[in-house]
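Participant: give me the fold of what follows.
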Amino acid sequence: MNVVCHIQDLMHREYLNSIFAYEDGAFSIFRDTEEGKFICSMIRYSDYPVEQKCDPERAVYFRLPRTSAMPTLFTRFSYIHPDDQRKINDYIIARFNQDFIQYYYVGRNLKMKQKDVIENFILARKLVSKIGEQEQLKKRAYRSEEKSINKIASRLARRVQLQSAFIRKTILEIQQYQ
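Facilitator: Below is the predicted model of the structure:
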């Protein structure tokens, strides 16, 4: 049984190819992966058909796993509510970002060129339409590096402020006793 989910961005729709097996127009999901468990938890059941708008450009079909409760599933209608579809979108975006950042920094730590790391990520994650279009991923890497640097800099600045305040307080206390 298949359910439809709308994934907003083409890159994230293609990213699903690296997570799930694609057969007969649908991604097979299983509860033995974190992503599969999450998507299965978003599936709702109804005794009557639920009308859903379907955008063919953004529609992705998930094939539900077969379970021991399968006979009861076929008597009910399965669907993913639009609110749950947004949650799935957010999860896939977060998973993609985390995977890309990890892959990028590991590659950079191995002294690989930025271009090579990004191309390898595209090929490894089967982002076929993104081959040759690295600017979006480069910008993402640059923004994440900049954000990390700014975060570290602000933490260090805060640490310096706290240490400076502690030193000033200690100096004032020592001056009071002299």
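
Participant: run the chain-centre distance for the top helix by length along the chain.
Facilitator: Using DSSP state H to assign secondary structure, the helix with the most residues in the chain is helix 135-177. Centre-to-centre, helix 135-177 and its host chain are 29 Å apart (C-alpha atoms, centre = their mean, to the nearest Å).

Participant: which elements pack onto that helix?
Facilitator: The criterion is 3 or more C-beta pairs under 8 Å, 6 or more residues apart in numbering; DSSP states H and E, and the helices and strands that helix 135-177 contacts are helix 82-109, helix 114-124. No exception for glycine: its C-beta is placed from N, CA and C like everyone else's.

Participant: downstream of the lowest-mean-pLDDT helix or strand in the chain, the next helix or strand is which one?
Facilitator: Across the helices and strands of the chain, mean pLDDT, DSSP states H and E gives its lowest value to helix 70-74, namely a mean of 48. On the C-terminal side of helix 70-74, the nearest following helix or strand under DSSP states H and E is strand 77-80.

Participant: can you list contacts of that next one?
Facilitator: Contacts of strand 77-80 with the rest of the structure, by C-beta atoms under 8 Å, 6 or more residues apart in numbering, involve 1, 3-5, 42-50, 52, 62, 64, 88.

Participant: try it again at 6 Å.
Facilitator: Strand 77-80 has contacts (C-beta atoms under 6 Å, 6 or more residues apart in numbering) with 1, 3, 5, 42-46, 49-50.

Participant: what does stretch 115-130 give?
Facilitator: Outside stretch 115-130, the residues that touch it by C-beta under 6 Å, 6+ apart are 14-15, 17-18, 103-104, 107, 131, 134, 137.
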